[in-house]
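>>> Structure for the following, please:
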Amino acid sequence: MRVGFGYDSHRFDPERPLILGGVAIPGEPGLAGHSDGDAVAHALVDALLGAVAEGDVGRHFPPGDPEWKDADSLMLLARAVDMLANKGYRPVNVDVVVVCERPRIAPHAPAMSLRVAQVLGVSPGAVSIKGKTNEGMGWIGAGEGLAVFAVALVESSGPDRPG
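Sure, this is the predicted structure:
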């Protein structure tokens, strides 16, 4: 078993839809970014890739590459799962914290967990997504954007234990 940690942050962009964990959240400003800006998916990609020492989301899906312009970040997450499989690993469970003053994450967390679980190939019970505020402090507290922290546990997917 191996553990990886991921982080992502984005500024709000009122001209874009807000997508977190593959779920559109209506009535809220979206996130600036080269892809769809899904910071939950990006932090999870970093956590999964980190668990198998494969770098981060920017290494594999560079923000300047037109191929990833407005890309569905759950597709990037699916590619990260494929990278794990190629190294002989599979996700076991993930834990995600979304830090923002708004939107409230709790009403959307079950739908996010379901979408992420489908991509990871795990049960929704193996995906924890929760929200925390920053108590009005700093750029997050000022409502300029949000940050996401993620941890992932992965295990060997076969009898031959990888490196």
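>>> Past the host helix or strand of residue 74, which element shows up next along the chain?
Assigned by DSSP states H and E, residue 74 falls within helix 73-86. Of the helices and strands lying after helix 73-86 in sequence (DSSP H and E), the nearest is strand 89-99.
>>> how big is the angle separating the very next helix or strand once past that following strand from helix 73-86?
Beyond strand 89-99 in the direction of the C-terminus, DSSP H and E gives the next helix or strand as helix 109-120. Here helix 109-120 runs at an angle of 40 degrees relative to helix 73-86 (axes from the mean of the first three to the mean of the last three CA atoms, to 10 degrees).
>>> What is helix 109-120 packed up against?
strand 23-25, helix 39-51, helix 73-86, strand 89-99, strand 127-132 (3 or more CB pairs under 8 Å, 6 or more residues apart in numbering; DSSP states H and E). Glycine gets a C-beta too; all of them are placed from N, C-alpha and C.
>>> try it again with 6 Å
helix 73-86, strand 127-132 (3 or more CB pairs under 6 Å, 6 or more residues apart in numbering; DSSP states H and E).
>>> In terms of mean pLDDT, which of the ones you listed ranks lowest?
Of all the helices and strands packed on helix 109-120, the segment with the smallest mean pLDDT is helix 73-86, scoring a mean of 95.
>>> ok, and what's touching it?
Applying CB atoms under 6 Å, 6 or more residues apart in numbering, the contact partners of helix 73-86 are 22, 35-36, 38, 41, 44-45, 48-49, 52, 54, 61, 119, 154.
>>> Minimum pLDDT in the residues you listed, which residue is that?
Pick the lowest pLDDT in the contacts of helix 73-86 and you get residue 61, at 73.
>>> who touches the residue most central in space within the chain in this structure?
In the chain, the centroid-proximal residue (CA atoms, centre = their mean) is residue 41; its distance is 2.3 Å. Neighbouring residues of residue 41 by CB under 6 Å, 6+ apart: 73, 74, 77.
>>> Thank you kindly, that will do.
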